[in-house]
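Asks: What shape does this take:
(chains A, B, C and D)
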There are 2 protein chains.
Amino acid sequence: MLTDRQLLILQVIIDDFIRYGQPVGSRTLSKKEKITFSSATIRNEMADLEELGYIEKTHISSGRVPSEKGYRYYVDHLLSPQHLTTEDMRKIRSIFAERIYELEKLVQKSAQILSDLTSYTSIVLGPAVKDNKLKRIQIIPLNKETAVAIFVTDKGHVENRVITIPASVNASDLEKMVNILNERLIGSSIMELKDKIYKEVANVLRAHIYNYDSMLKTIADMIELPREEKLFLAGRANMLSQPEFNDIQKVHSLMKIIEQEKEFYRLLRRSSKKGIQVTIGHENQLSGMENCSLITATYSIGEEQLGTIAILGPTRMEYSRVITILNQVASDLTKALTDWYQNG
Amino acid sequence: MLTDRQLLILQVIIDDFIRYGQPVGSRTLSKKEKITFSSATIRNEMADLEELGYIEKTHISSGRVPSEKGYRYYVDHLLSPQHLTTEDMRKIRSIFAERIYELEKLVQKSAQILSDLTSYTSIVLGPAVKDNKLKRIQIIPLNKETAVAIFVTDKGHVENRVITIPASVNASDLEKMVNILNERLIGSSIMELKDKIYKEVANVLRAHIYNYDSMLKTIADMIELPREEKLFLAGRANMLSQPEFNDIQKVHSLMKIIEQEKEFYRLLRRSSKKGIQVTIGHENQLSGMENCSLITATYSIGEEQLGTIAILGPTRMEYSRVITILNQVASDLTKALTDWYQNG
DNA sequence: GTTAGCACTCAAACATATTGAGTGCTAAAT
DNA sequence: ATTTAGCACTCAATATGTTTGAGTGCTAAC
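Replies: I've put the predicted structure just below:
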């Protein structure tokens, strides 16, 4: 267990390092307001803190920098809560003041403001469609061979696909099919759509539609709905202004990860527990992200969780500030969505 | 006017520099197969070429590098046409072999393959919607206050917006309105939609619908269609593997430009003439792009131009190779689109 | 007109001090 | 028993000097 003095020193070291990005030495520390004892004492305490793994040296005679364990402790126990400036508050509010009813646009704007305010990169995992309920299916023929299939959900999400229509299928068959689909499927969640079509609807279709067989392909085309939520990114360039990323190699590998999206997507999905989640450096388990921390929060409509908003920055991140901002945006976003969709 | 020998030297200098990225000296040149005269002669010729502004020194005793004027001349007159490897060809074909009917997806895949093949950043200006013809308008109520308005075009593009519905408007009014809109507007180009609604449709609506006034806002909401085409980017990270961008500052300002999209968008719009366009360094007129060249081509359906595909790379770019690839992708894309939409 | 030869230039690579911020340890002070 | 002053030591960063090699321009000979 750490003594109060050790905690104080640890906190001051990390605060200073987050602020200035330079290893912190005993002399620097001894000059801080909160520190009342001499540099020699500090050196002794630092030696202990290092032995316990909370801080590290960059070389044998350097000052100390926080280790991942140090950051972890700091985030869990030592964060000094921060206030948002009224200016920041105003900026956040301004987004939700406009009456934007498009879920996606709102989410994208949130990503933008997050990266603007924090100067880090923001990532937003878009609203999950799978829990939406089907509101309407529509098929609109474009020409003899193709048509657009449109799915509208209760949250106003529109999904559309171009499908091919076998020559043998005529307009009235198509119409009949759409009617049956709507009759049987409206109100079902998007997730169970595929299942329901094959288990419940297929028989009805077979009974009523002459060309059922040739229609099969059309149906198969249609229900290939996207399984993954969209990923919105903002402020990628901000990464480049962080001094820890003045090594092109590091930036490159990080950018490649972000660009591929796949692994990254998994990372965000994993941390979809409610509340703020912080993963530091190697906790992210993605090579290329050793020097990064990821802070995530979730947003929802009422109790129904929709997606994740996150900030990606260097491990030397302004945790306190970012957490405050993320909390604010997440709760404002949730509030706005809840108001519109639950009481609307 | 340049002599044949000067042209030869200029070409070999640029070819070599594009390949190795290092200033080219007279000794290096004299060893090239095509060069039959001594390094001293070359030095004399290079002095002349420099005076004419085609090549430059990086410092007083360095080898020469091409100037922007040199690149311009090279691109306009000295390009040695290249063949695509069968492997590259196969990769390109593979995209268009799949039957993807979604215009946007196809375009996005093209962007991906372009950046993969060239190792530069690719940018694709998505299909312009403004020339599409309206195929169908649909309004699907979500709850008492809101509904989704859906526009389908003849090219299968679907545009949707969430709109608010005044309390005084009932379902039958809404239905009537949609009918009138469809009756009057189907076949109109998206561009003229707004105009037509106010000039031609407004009167009809007023005559037939009791709640015309309160419906006005709904209509206004609806026809706010996006004016700008979508921008698809792929291979941003590729920039970082170019040796000319090992300066974080340069990369940063470039990334910021790309991220803001606005200026960039204009740049692409400007070069929407048919055929290959090359802009080199300062010709791009955007600060941050001094070290970049942009090569663009257009794609179309039949004769109707749809959008632009482009490659962004350092001025020291493999012009010949990129142009070949860009040409191939543009023509394959055009062919695929033309086949599907004109003969479909 | 072309080329060999020479003096000269400069970036890059390497080696060698110098400085300063930092450490750990010990012995004296509290 | 803590705390602190003092000292020897370490190492990154910086500056300084040296060497090397690829390059140039110019001149005189071919």
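
Asks: and A:Thr153, what are its bridge partners?
Replies: A:Leu134 (DSSP bridges).

Asks: can you count the residues close to it?
Replies: The tally of other residues near A:Thr153 (other CB atoms under 10 Å in any protein chain shown) stands at 22. For glycine as for every other residue, the C-beta is placed from the backbone atoms N, C-alpha and C.

Asks: Would you agree it is in contact with A:Val129?
Replies: Yes - using CB atoms under 8 Å, A:Thr153 is in contact with A:Val129, at 6.6 Å.

Asks: which neighbours do these two share?
Replies: Residues touching both A:Thr153 and A:Val129 by CB atoms under 8 Å, 6 or more residues apart in numbering or on different chains: A:159, A:190.

Asks: mind listing what the residue lying closest to A:Lys335 once chain neighbours are set aside touches?
Replies: Closest residue in space to A:Lys335, ignoring its immediate chain neighbours: A:Phe96 at 7.6 Å, by CB to CB, 6 or more residues apart in numbering or on different chains. Shown in contact with A:Phe96 (CB under 8 Å, 6+ apart): A:106, A:332-333, A:335-336.

Asks: Check A:Phe151 too.
Replies: Listed by CB under 8 Å, 6+ apart, the contact set of A:Phe151 reads A:134, A:136-137, A:158-160, A:190, A:225.

Asks: ok, now A:Leu84?
Replies: By CB under 8 Å, 6+ apart, the residues touching A:Leu84 are A:92, A:324-325, A:328.

Asks: Which of the helices or strands spans it?
Replies: For A:Leu84, there is no host helix or strand (DSSP states H and E).

Asks: Now do the phi/psi pair for it.
Replies: Main-chain torsions, A:Leu84, degrees, to the nearest 10: phi -80, psi 140.

Asks: Quick check: closest non-adjacent residue to the closest residue to DNA strand C within chain A.
Replies: Nearest residue of chain A to DNA strand C (CB to the nearest atom of the strand) works out as A:Gly25 at 2.4 Å. Closest residue in space to A:Gly25, ignoring its immediate chain neighbours: A:Gly63 at 3.7 Å, by CB to CB, 6+ apart.

Asks: how near is that neighbour to A:Lys69?
Replies: For A:Gly63, the distance to A:Lys69 (CB to CB, to the nearest Å) stands at 18 Å.

Asks: higher neighbour count, the two?
Replies: Per other CB under 10 Å, whichever of A:Gly63 and A:Lys69 has more neighbours is A:Gly63, with 20 against 15.

Asks: from memory A:Lys91 sits against A:Leu117, does it?
Replies: Yes - at 6.6 Å, A:Lys91 counts as touching A:Leu117 under the criterion of CB under 8 Å.

Asks: Where does A:Gln138 sit: helix, strand or coil?
Replies: Of the three states, A:Gln138 takes strand according to DSSP: H, G, I helix; E, B strand; the rest coil.

Asks: quick one, what contacts it?
Replies: Applying CB under 8 Å, 6+ apart, we find A:Gln138 in contact with A:149-150, A:152, A:178, B:138, B:140, B:150.

Asks: What does the pLDDT read for the closest residue in space to A:Arg64 that isn't next to it in sequence?
Replies: Of all residues not flanking A:Arg64 in the chain, A:Ile55 sits nearest, at 4.2 Å (CB to CB, 6+ apart). For A:Ile55, the pLDDT comes out at 97.

Asks: which bits of the stretch 151-300 of chain A sit near chain B?
Replies: Counting by CB under 8 Å from any CB of the partner chain, the stretch 151-300 of chain A comes close to chain B at A:152, A:154-156, A:158, A:160-164, A:235-237, A:240-241, A:245-246, A:248, A:251-252, A:255-256, A:258-259.

Asks: For PyMOL, what selects the buried ones among the residues you listed?
Replies: Buried subset of these, written as a PyMOL selection, criterion 16 or more other CB atoms under 10 Å in any protein chain shown:
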select buried, chain A and resi 152+154+155+156+158+160+161+162+163+235+236+237+240+245+248+251+252+255+256+258+259
